[in-house]
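In: Pasting a predicted model and its sequence here:
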Amino acid sequence: MPRNPRFDLQLDSPGLLERQWLEPGERTIDWIPQWRLPVFEGVPRPPWTAGQVLRRVGKTAALTLAWIVGSVVLLVVLAMLSDGLGGASADGSGGSKLKGPNVVLRGKGRDSVMGRLVTPELRCRGLWVFTDRRIAFVAVEGRTYGRFLSGAGNPNTFTEPVPIRTILEVRGTQYEYEGEVDRLRRTRILRRFKPAGVYRRIAFADGSGIDLRRYRK
């Protein structure tokens, strides 16, 4: 039997959640793909495990070779993309594009509620999912498309369940949804504050929490 196709975090996630993860009657409010760690504000980043270090070293070596071989082509492509996307906005209506992070984990040290939830497994590729019952990070194991190859074409058809693990999960009784907030970001060179986008704010009892960039109303 042929194995399942490579999983696309952008295209295949809604079907995955519906088939394998959502509880009966549970409704998805928003979901966000993750290829790399979210932003940490006041919360220490998770340590690396030995296995993650080995995989990182191998991946870095392969990527370095690829960059050397295709550097000229890559620069041309990036220049074209920059020209094409420079005037696009977050909603495609013109103006400057908002560059805020997808997910921000907020807290005051490792002993805050959010700090205690941080684990090395948050380095996995997966999905941040916000429903009418819980907030969770779900890791998608196995073969997945990288960020720049994700989102093209049509959703895949899977003959077998996709291997997933719920890494972080907090039920609605353990947090308060404070609504939508406008976040700012600081530019790297001039250190000025600019709009980063609209976020859904989840707060725990001690004030720590999670900000999820709003993609779906």
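Out: Sure thing, it's come through. Quick caveat: nothing in here was measured; it's all calculated off a predicted structure. Numbering: from 1, shown residues only.
In: show me where the chain has helices.
Out: For the chain, the helices defined by DSSP state H cover 13-16, 50-85, 113-117.
In: mean pLDDT lowest for which of the ones you listed?
Out: In terms of average pLDDT, helix 50-85 trails the rest of the helices of the chain, at a mean of 59.
In: Quick one: find the helix or strand in the protein with the lowest mean pLDDT.
Out: Between all helices and strands in the chain, the lowest mean by mean pLDDT, DSSP states H and E belongs to helix 50-85, at a mean of 59.
In: What confidence value was assigned to F130?
Out: You'll see F130 listed with a pLDDT of 98.
In: Equivalent analysis for the one 5 residues further on, please.
Out: pLDDT, I135: 98.
In: Spatially nearest residue to the most centrally placed residue in the chain (excluding sequence neighbours)?
Out: The centroid of the chain falls nearest to Q34 when counting by Cα atoms, centre = their mean (2.5 Å). Distances taken as Cβ to Cβ, 6 or more residues apart in numbering put G126 closest to Q34, at 5.6 Å, once the chain neighbours are dropped. Yep, even glycine has a C-beta here, placed from its N, CA and C like the rest.
In: contacting residues for that neighbour?
Out: Applying Cβ atoms under 8 Å, 6 or more residues apart in numbering to G126 gives the contacts 9, 33-34, 137-140, 164, 167.
In: out of those residues, which are inside strands?
Out: The strands, defined by DSSP state E, take in 33-34, 137-140, 164, 167 from these.
In: Neighbour-wise, which one of the residues you listed leads?
Out: Neighbour counts for these (other Cβ atoms under 10 Å) peak at F137, which has 24 neighbours.
In: From P195, how far out is that residue?
Out: 26 Å (Cβ to Cβ, to the nearest Å).
In: hang on, G179 packs against R200?
Out: Yes: using Cβ atoms under 8 Å, G179 is in contact with R200, at 7.5 Å.
In: okay, the two: which has more neighbours?
Out: R200 (19 against 8).
In: Would you mind listing where the chain has pLDDT under the threshold?
Out: For the chain, applying pLDDT under 70 flags the ranges 1, 50-67, 72-98.
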